[in-house]
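Participant: Okay, predicted coordinates and the sequence, questions at the end:
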Amino acid sequence: VNRFVIADSTVCIGCRTCEAACSETHRQRGLQAMPRLQVMRNEKESAPQMCHHCEDAPCATVCPVNAIQRVDGAVQLNESLCVSCKLCGIACPFGAIEFSGSRPLDIPANANTRLAPPAPPAPARVSSLLDWVPGVRAIAVKCDLCHFDDQGPACVRTCPTNALLLVDSRDIAQASKRKRQLTFNTDLGDLSLFQAQQGERE
């Protein structure tokens, strides 16, 4: 059963509290501090964009080292296995995978810096996926539903307007079923009224 977080754009106020909570929660766990979600805005609404934890996740399919796998109904990424190939980010149809990294804390004493001058960075001109900075390992970052926390996703817990909700595919199926039943009953009601009117005319 798929589990994922959905956002209600009519309730979201774009405060980015979810981003801050996500970043801090993962930083405390020794993971990349980049938020696993990004608040998107237009003229009328705002809502965070994040991983959909697809049933047949293309990111997991293309990962050459199996760093992305389905675990307990969610698509999880093992940062320690990531080799920075960025294939998952290219394959994701929702743009929900970002890349983050940090420079080495120090250069080994035996490194000959004169023989290995610093290489120039290659800023992205088309896509952030093409960005490259020497000495920085670009680790793939995606929503992991805070699987390490028994209280659930930090973004859901900290949203001041309760715009975020952790659901699974069964919840979506039940909501869809209720909507279909409501539509069906409404249609039958209109049909019954039409038949009654026809009977009166006869």
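Facilitator: Cool, got the structure.
Participant: Next, work out how far apart residue 81 and residue 88 are.
Facilitator: Separation of residue 81 from residue 88 (C-beta to C-beta, to the nearest Å): 12 Å. Yep, even glycine has a C-beta here, placed from its N, CA and C like the rest.
Participant: Next: residue 82.
Facilitator: Separation of residue 82 from residue 88 (C-beta to C-beta) stands at 9 Å.
Participant: got any residues that touch both of the two?
Facilitator: Residues touching both residue 82 and residue 88 by C-beta atoms under 8 Å, 6 or more residues apart in numbering: residue 140.
Participant: quick one: which of these two has more around it?
Facilitator: For residue 82 versus residue 88, the count of surrounding residues by other C-beta atoms under 10 Å is larger for residue 88: 25 against 22.
Participant: Now do the SS call for the more buried one.
Facilitator: helix (DSSP: H, G, I helix; E, B strand; the rest coil).
Participant: Contacts only, for it.
Facilitator: With contact set as C-beta under 8 Å, 6+ apart, residue 88 has these partners: 59-60, 62-63, 68, 77, 97, 140, 142.
Participant: Now do the end-to-end distance for stretch 139-159.
Facilitator: Distance across stretch 139-159, first residue to last, is 27 Å (C-alpha to C-alpha, to the nearest Å).
Participant: swap in stretch 42-60?
Facilitator: For stretch 42-60, the end-to-end distance is 31 Å (C-alpha to C-alpha).
Participant: for stretch 39-55, same thing?
Facilitator: End-to-end distance of stretch 39-55: 24 Å, with C-alpha to C-alpha as the criterion.
Participant: Residue 66 - how many residues pack around it?
Facilitator: Neighbours of residue 66 under the rule other C-beta under 10 Å: 9.
Participant: whoops, I mixed them up, residue 150
Facilitator: Residues lying near residue 150 (other C-beta under 10 Å) number 6.
Participant: so how far is residue 82 from it?
Facilitator: Counting by C-beta to C-beta, the gap from residue 150 to residue 82 is 26 Å.
Participant: ok, residue 83 touching residue 99?
Facilitator: No: counting by C-beta atoms under 8 Å, residue 83 sits too far from residue 99 to count as a contact (11.9 Å).
Participant: more neighbours, the two?
Facilitator: Counted by other C-beta under 10 Å, residue 83 and residue 99 do not tie: residue 99 has more neighbours, with 20 against 14.
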